[in-house]
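# model the following, please.
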Amino acid sequence: MRIAAIFGCLMLAAAAVAPAQEAAPAVPGGTYRLTFVIHETEEGKTVGTHTYTMLVDDGASGSIRTGAQVPIPAGAMNFQYKDVGLNLSCSLHSRDGQLLLKTGLSFSQVVVEGSPGNPETRQRSMENTALIPAGKPVTILAFDDWPSKRHYEIEVTAVRAK
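As a prediction, the model looks like this:
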């Protein structure tokens with residue numbers, strides 16, 4: 001009982017001292033660190049988490065491109081190369097204490113299912129425009145990829161760079 005009372009007092013003291021973690025309002029003309037996190041799950045289990053970060057000035061845009069060229073058989077001893085990977089682009093504008101974020105995201109992969117000589121290319125592409133608060137993670141996109149039975153959630157956090 002005495003330990004519980006001491007623990008309770010410590011918790012109240014810690015809460016009083018801890019700084020509030022409220023989102024700071026967007027400041028016009030600033031530079032922001034945008035962190036995009038792509039959560040990938042299948043049947044409720046996490047199968048991948050991918051993080052991409054960039055600095056973007058208010059009123060400007062940024063992009064990230066990552067991937068590979070994959071050889072695909074196109075006849076006897078011939079190959080065609082397919083670009084696969086992730087393309088992420090965004091533009092940022094401050095508005096009324098929040099950030100207007102326009103995001104474009106596409107990613108593709110080559111999947112060999114069934115006949116190995118006939119690979120399948122899967123592509124997902126989406127665009128989104130949303131007002132987001134500075135300093136708090138926000139899910140801006142979520143979707144199910146029906147061919148693979150995977151679920152994707154794209155979260156972004158915008159923090160003013162110092």
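
# now do the buried residues in the helix or strand harbouring residue 126.
Take DSSP states H and E as the rule and residue 126 turns out to sit in strand 120-132. For strand 120-132, a neighbour-count test (16 or more other C-beta atoms under 10 Å) marks 124, 132 as buried. Every residue, glycine included, has its C-beta placed from N, CA and C.

# against which helices or strands is that strand packed?
If you count contacts as 3 or more C-beta pairs under 8 Å, 6 or more residues apart in numbering; DSSP states H and E, strand 120-132 packs onto strand 79-95, strand 98-111, strand 138-145, strand 150-160.

# reformat these as CSV; add mean neighbour count, distance to residue 71 and mean pLDDT.
Shown next, in CSV, are the helices and strands packed on strand 120-132 (neighbours: other C-beta atoms under 10 Å; distance: least, C-beta to C-beta, whole Å; pLDDT from 0 to 100):
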stretch, mean neighbour count, distance to residue 71, mean pLDDT
strand 79-95, 16, 4, 92
strand 98-111, 18, 9, 92
strand 138-145, 14, 24, 92
strand 150-160, 18, 25, 94
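
# rebuild those as JSON lines, extending it with distance to residue 44.
Compiled in JSON lines, the helices and strands packed on strand 120-132 are given as follows (distance: least, C-beta to C-beta, whole Å):
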{"stretch": "strand 79-95", "distance to residue 44": "24"}
{"stretch": "strand 98-111", "distance to residue 44": "22"}
{"stretch": "strand 138-145", "distance to residue 44": "12"}
{"stretch": "strand 150-160", "distance to residue 44": "9"}
